[in-house]
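A.B. asks: Sequence first, predicted model second:
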Amino acid sequence: MSIILALESSCDDTSAAILKDGNILTNITSSQEVHNKYGGVVPEIASRTHQKNIFFIVDTAIEKAKISKKDIDAISFTAGPGLIGSLLVTTSFAKGLALSLNIPLIGVNHLQAHVLANFIDEPKPKFPFLCLLVSGGHTQILRVDDHLHFEILGQTLDDAAGEAFDKAAKIIDLPYPGGPNIDKHAKSGNIDAFSFPTPKIKALDFSFSGLKTSFLYSVRDGIKENKNFIADNLNNICASYQHRIVSYLLQKLEKASKETGIKEIALAGGVAANSYLRKKLIEKAEKNNWETYIPASQYCTDNAAMIAITSYYKFEKGLFDNQSIKAYARQEKL
Ligand code: KG4
Ligand code: ZN
């Protein structure tokens, strides 16, 4: 029997979750709309807003789970990677609460948590499996041998897939975060209306910076010919660009599956909420005889439920941290 309170504040979402015996009771997230007008996350504003939201979010998660603070057996939080000022809010909060309740503290790696979001609901992937982790900060293909052992088979050498969506959205004046907006407009667009080049990077690594530049030039050239180019072609631009990103991601995933012989395939991270990626993965799975796993959309973007499930596996093994644990901005190892 265990009840864990999990906290996440690595970027611009403040989130708290309660997990009981491996099952999520509550997952409360507050997204910071305040960044939309800046076209991206402003770190200083993000940490101040986490500070403002954290008490209410934690209280709501506890109250809705119908438990009280004294029932909590452990507190977990995202230790990194992420924005350091944002991470420090829940790191300090978790340390203080663990001390006052005299219960264990568990620091969680944010990327590992994105992958383990696949273990929140049924069916759960079987080991070993491959996971395409696509978020605003990372793009990786991982081989996962058990809950806490991962190997990076390939990763982006420049921008992440989420950045490729967000930066393109900014060029065509769609609000931040651009990914969900491109997804929405692409639904009624033609994937063949515009052609963007497939990046040429060897092995299982990725590059998105060239694709973004080619997007910028296409839009500029279009505007030179027609000043209403964006408005006249919005859905088609989104559909064609999204198609290129998704095809590229799946092409590498297919290569990884062929090379490793692994047919258990999972998605994770904010971009895994993309409806076209989810649809195309299913098609690839039929062709290649894959078993696929995709977390529910609310567990793809940043959330504390994924921190909770990751800490559950650490809790089971007695892998606790002490008060000297430090938040870290950059990924050191998985
Ligand atoms: O995992 P996440 O919430 O935060 C990070 O750890 O980075 O991912 C955020 C990223 C953003 O770049 C956002 O545009 C993208 O996920 N995203 C999407 C969709 N929903 C979120 N990208 C494409 N289509 C979506 N539906
Ligand atoms: Zn994330």
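C.D. replies: Arrived safely, thanks for sending. Numbers count the residues shown, from 1 in each chain. Ligands and ions are numbered 1, 2, ... in the order given.

A.B. asks: How about P175, nearest residue that isn't a chain neighbour?
C.D. replies: N36 (5.6 Å; C-beta to C-beta, 6 or more residues apart in numbering). Using the backbone N, CA and C atoms, a C-beta is placed for each residue, glycine as well.

A.B. asks: what's around the one you found, how many residues?
C.D. replies: 14 (other C-beta atoms under 10 Å).

A.B. asks: Distance of it relative to ligand 2?
C.D. replies: Note on N36: its distance to ligand 2, by C-beta to the ion, to the nearest Å, is 18 Å.

A.B. asks: doesn't that residue fall inside a strand?
C.D. replies: No. According to DSSP: H, G, I helix; E, B strand; the rest coil, N36 belongs to no strand; its state is helix.

A.B. asks: Quick one: list the elements packing against the helix or strand where I28 lies.
C.D. replies: Using DSSP states H and E, I28 sits in strand 23-31. Applying 3 or more C-beta pairs under 8 Å, 6 or more residues apart in numbering; DSSP states H and E, we find strand 23-31 packed against strand 13-20, helix 43-64, helix 304-316.

A.B. asks: Make JSON lines out of the ones you listed and add mean pLDDT, mean neighbour count and distance to ligand 1.
C.D. replies: Converted to JSON lines, the helices and strands packed on strand 23-31 look like this (pLDDT from 0 to 100; neighbours: other C-beta atoms under 10 Å; distance: least, C-beta to the nearest ligand atom, whole Å):
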{"stretch": "strand 13-20", "mean pLDDT": "96", "mean neighbour count": "27", "distance to ligand 1": "7"}
{"stretch": "helix 43-64", "mean pLDDT": "94", "mean neighbour count": "18", "distance to ligand 1": "12"}
{"stretch": "helix 304-316", "mean pLDDT": "98", "mean neighbour count": "27", "distance to ligand 1": "9"}
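
A.B. asks: quick one, what contacts the residue of the stretch 1-150 of the chain found nearest ligand 2?
C.D. replies: The stretch 1-150 of the chain approaches ligand 2 most closely through S135 (4.4 Å), counting by C-beta to the ion. S135 is in contact with 111, 114, 160-162, 268-271, counting by C-beta atoms under 8 Å, 6 or more residues apart in numbering.

A.B. asks: what separates the residue in the stretch 1-150 of the chain that ligand 1 sits nearest to from A296, distance-wise?
C.D. replies: The minimum distance from the stretch 1-150 of the chain to ligand 1, using C-beta to the nearest ligand atom, falls at G136 (2.8 Å). Per C-beta to C-beta, to the nearest Å, G136 is found 19 Å from A296.

A.B. asks: the more surrounded of those two?
C.D. replies: Remark: of G136 and A296, G136 carries more neighbours, 23 against 12, as counted by other C-beta under 10 Å.

A.B. asks: For that one, give me phi and psi.
C.D. replies: For G136, the backbone dihedrals (degrees, to the nearest 10) come out as phi -70, psi -20.

A.B. asks: And the pLDDT for it?
C.D. replies: On pLDDT, G136 comes in at 92.

A.B. asks: now check the strand holding I28, is it near ligand 1?
C.D. replies: No. Remark: strand 23-31 sits outside contact range of ligand 1, by C-beta under 6 Å from any ligand atom, the gap being at least 9.3 Å.

A.B. asks: can you check stretch 186-195 too?
C.D. replies: No. Between stretch 186-195 and ligand 1, judged by C-beta under 6 Å from any ligand atom, nothing touches; the nearest distance is 8.8 Å.

A.B. asks: okay, how far is it across that stretch, tip to tip?
C.D. replies: 14 Å (C-alpha to C-alpha, to the nearest Å).

A.B. asks: Quick one: distance of it to the chain centre.
C.D. replies: 25 Å (C-alpha atoms, centre = their mean, to the nearest Å).

A.B. asks: repeat for stretch 295-305
C.D. replies: 8 Å.

A.B. asks: For this structure, what lies in contact range of ligand 2?
C.D. replies: 135, 302 (C-beta under 5 Å from the ion).

A.B. asks: Point out where the chain drops to low pLDDT.
C.D. replies: Low-confidence segments of the chain (pLDDT under 70): 332-334.

A.B. asks: ranges for the strands of it?
C.D. replies: With DSSP state E as the criterion, the chain has strands at 3-8, 13-20, 23-31, 74-80, 105-109, 129-134, 139-146, 149-155, 264-268, 291-293.

A.B. asks: for the last one, packing partners?
C.D. replies: Going back to what we said before, that points to strand 291-293. strand 264-268, helix 275-288.

A.B. asks: nearest to F93, of the ones you listed?
C.D. replies: Counting by C-beta to C-beta, F93 lies closest to strand 264-268 out of those; the figure is 25.4 Å.
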